[in-house]
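1. sequence plus predicted model, see below.
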Amino acid sequence: MAVDGLIRDFNLLFCAFGCSDFEKKSLTWCQNKTLIEMKIPEFLEIALIAGSLFCGVAACGEVHPNVKHVDVVEFIRTAEDPDVVVVDVRTAKEHSAGAIGAEDLNIDVMAADFENQVDQLIPAGKTVAIYCRSGNRSKKAAEILARKGYRVVELNEGFKAWTNYRQDH
């Protein structure tokens, strides 16, 4: 449904700024150190007005204890561990154009069956190292995986940061 796609897009957008919960159909963020929660249907009604908030939105600073956001060097160290599952959460097209590792799983976080694929492909209790193009989608994926009980290492600034690092080293 188009509205569900729009809701998911807004949810992913706000993930970079604060905390959101797609299942509860609500968005939460901090503005001027005040926690604001808004049900998504209400948010959609005032989407045009909310656009003006983007300049003043600050991150909540809330981090799930099972999620660690790391730079490229630490991500590479983590990904080298044979017990860690490395997952590219970009689209299949993006993944086929280039990935960090040849063995990386590709599970598109935007896919409707993302959580089902995770359940089928990643054993419970594993540490999962995730990345996307720039770090936005992987932050959303990290939230989902942590909620499911995985320990998550997320590459800040994503595949772009890794590409830049490789060019410099």
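-> Yep, it's here. Residues are numbered from 1 along each chain as shown.
2. distance-wise, check Phe114 relative to Val87.
-> As judged by Cβ to Cβ, to the nearest Å, Phe114 and Val87 stand 10 Å apart. Just so you know, the C-beta spots here come from the backbone N, C-alpha and C atoms, and that holds for glycine as well.
3. between those two, which is the more surrounded one?
-> Higher neighbour count among Phe114 and Val87: Val87, with 25 against 17, using other Cβ atoms under 10 Å.
4. shared neighbours of Phe114 and Val87, anything?
-> Any residue near both Phe114 and Val87 by Cβ atoms under 8 Å, 6 or more residues apart in numbering counts here, and that gives 107, 141.
5. Ile100 and Ala161 touch, don't they?
-> No: look at Ile100 against Ala161 with Cβ atoms under 8 Å: they stay out of range, at 10.4 Å.
6. list residues touching both of the two?
-> With Cβ under 8 Å, 6+ apart, Ile100 and Ala161 have no common neighbours.
7. show me where this protein has its strands.
-> 19-21, 26-31, 34-39, 67-70, 84-88, 105-106, 127-131, 151-155 (DSSP state E).
8. ok, the last one: who's next to it in the sheet?
-> Strand 151-155 sits in its sheet next to strand 67-70 (parallel), strand 127-131 (parallel), going by DSSP bridges.
9. just the fifth one next, same as before
-> Based on DSSP bridges, the strands next to strand 84-88 in the sheet, each with its direction, are strand 105-106 (parallel), strand 127-131 (parallel).
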